[in-house]
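1. Next come a sequence and a model predicted from it.
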Amino acid sequence: MKTNHLYPWLCAAVLVLSLLSCRREEVLNNAQVNQIRLDYFSEVTDEGDNWDIFTNYPDIFVKVFRGNQLVYTSPYYDECQNQNVYTYNQGMPLYLEFPNETYSVAIYDYDSTSEDEFMGGFEFKPVDHEGEEIIRLFSLTSEIEFSLFVDWNYVRE
Ligand SMILES: [Ca+2]
Ligand SMILES: [Ca+2]
C-alpha cells in the first residue's frame, strides 16, 4: 500500500532529473554596462600643460568603441578635478554584445573651439572579466582609472 503511494513521487523525481540532465548550457550573450565611473585622471597633459588655456581644467566625457566603431558617447562634465570621481550613465545600459571582441573606453576633453582632446583610455575584452560586477581598468603607467559597473547576461544555447 505504502509503496503505491510512493510511486507518483518516484515518477516525478525521475522526470525532474531527466529535465535537469537535458537542460541546455547557458552561454554569455552580452556584458551590460550600467555605469562608467572615472576614478582618476591627469589634470595636465603629457607636456605638463593645462588641458585648457582659459578655464584650465579638462571638461571630460567618455567614449566606448568596439574595435574602431564608436558605440557610446557620454555628455561631459565642466572643469573636472581629479580629487573627484565622475559617473557616466546617461543613455545606459550599454550592451557590449560581442564579449569576445576588443572594446576600448577613453576619455576626452571637450573643447568648444577646437577638436576634443584625447586624454587616454584602455582596451579590454569583456570576456576576460566575466562575472565581475565592477571591471576595474587602470595601469601603473597611466594615471587614468575607470570602474565599469556590469551585469552579465546569458542565453540558453
Ligand atoms: Ca582643451
Ligand atoms: Ca575647461
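-> Now that the structure is in, tell me what you want to look at. Numbering: from 1, shown residues only. Ligands and ions are numbered 1, 2, ... in the order given.
2. Can you check the distance spanned by stretch 46-59, start to finish?
-> Across stretch 46-59, the terminal residues are separated by 17 Å (Cα to Cα, to the nearest Å).
3. Name the residues that touch it?
-> 41, 43-45, 76-81, 109-111, 117, 119 (Cβ atoms under 8 Å, 6 or more residues apart in numbering). In short, each C-beta sits where N, CA and C put it, glycine included.
4. same deal with stretch 137-148?
-> Against stretch 137-148 from outside (Cβ under 8 Å, 6+ apart): 33, 35-42, 105, 107, 119-122, 124, 134-136.
5. pLDDT on that stretch, on average?
-> Stretch 137-148 carries an average pLDDT of 89.
6. now it, how far from the chain's geometric center?
-> Chain-centre distance of stretch 137-148: 13 Å, with Cα atoms, centre = their mean, to the nearest Å.
7. And for stretch 26-33?
-> Worked out by Cα atoms, centre = their mean, stretch 26-33 lies 11 Å from the chain centre.
8. repeat for stretch 75-95
-> That offset, for stretch 75-95, works out to 13 Å (Cα atoms, centre = their mean).
9. Convert the C-alpha atoms of the longest strand anywhere in the chain to CSV, please.
-> Counting residues, the longest strand found in the chain (DSSP state E) is strand 26-40. Coordinates of each C-alpha in strand 26-40 appear next as CSV, following Å, rounded to 0.1, in the frame of the first residue of the first chain:
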residue,chain,number,x,y,z
GLU,A,26,23.9,28.9,-20.8
VAL,A,27,26.4,31.0,-22.7
LEU,A,28,27.5,34.6,-22.3
ASN,A,29,25.4,36.8,-24.5
ASN,A,30,26.5,40.3,-23.5
ALA,A,31,28.1,42.5,-20.9
GLN,A,32,25.6,45.1,-19.7
VAL,A,33,27.3,48.3,-18.7
ASN,A,34,25.1,50.3,-16.3
GLN,A,35,27.6,53.0,-15.3
ILE,A,36,31.1,54.1,-16.0
ARG,A,37,32.9,55.8,-13.2
LEU,A,38,36.1,57.8,-13.9
ASP,A,39,38.1,57.4,-10.7
TYR,A,40,41.2,59.2,-11.6
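10. residues touching P99, list them.
-> L28, N29, N30, A31, K125, P126, V127, E130.
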